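Asks: I would like to see how this sequence folds:
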Amino acid sequence: MNINLTLIGQSIAFAIFVWFCLKFVWPPIIKALEDRKTRIAEGLAAADEGLRAKDKAEEEVEERLKEAREQAKDIIANAKKQGEGVVEEARNEARSESERILKSARAEIDQQIHQAREELRKEVVKIALDGAEQVLMREVDSKAHSDTLEKLASGL
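Replies: The predicted structure follows:
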C-alpha cells in the first residue's frame, strides 16, 4: 500500500505542480516567447524594408548619376560652342584689325605719294625757273632756247 499511496501522493503533488506551472509560470514564459517572436518578426520586416530602401536608394543614385552625366555632356557641348564662338570672334576681330591696319597703311602710302608729288612739283618749278633764268640770261636765240628746253626736259 505504501507504493500506491506514495504513487497517489506523488501524482497529486505532480498535478499541483503542473497546475501551478500552468497558472503562474507558463503564461509569463509564453508571453516572453510571443514578445520575442513579435520582435523578431518586426526586425525581419525592418530588414526587408531596409533592403527595399537600399534598392530604391541605389536606383535613385543611378538615376542621378545618369542625369549628372547628361548635364556634364550638355555643359561640355556648351563649352565647345562658346569656345568656337570665342575663336570666331577672335578671327573677326583679327580681320577687322588687319583691315584697319591695311587702311592705315594705304592712307600713309597715299600721304607719302602726295608728299612725293608736291616735292616733285617744287623741284619742277625750281628747274623751270632755273631754265627760264638761263634762257633769259642768254641771248635771244631760238637754237639756244631749244637746247635749253631739251636740257630741261631731260632733267625732268
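
Asks: quick one: mean pLDDT over stretch 71-80.
Replies: What stretch 71-80 shows for mean pLDDT is 93.

Asks: so where's the longest helix in this protein?
Replies: Counting residues, the longest helix found in the chain (DSSP state H) is helix 26-137.

Asks: quick one: distance of that helix to the chain centre.
Replies: Distance of helix 26-137 from its chain centroid, counting by C-alpha atoms, centre = their mean, to the nearest Å, is 7 Å.

Asks: and stretch 13-28, by the same measure?
Replies: On C-alpha atoms, centre = their mean, the centre of stretch 13-28 falls 81 Å from the chain's centre.

Asks: now for Thr148, how many residues are close by?
Replies: 18 (other C-beta atoms under 10 Å). Bear in mind the C-beta positions are built from the backbone N, C-alpha and C, glycine included.

Asks: element containing it, please.
Replies: helix 142-155 (DSSP states H and E).

Asks: for the record, mean pLDDT for that helix?
Replies: Helix 142-155 carries an average pLDDT of 68.
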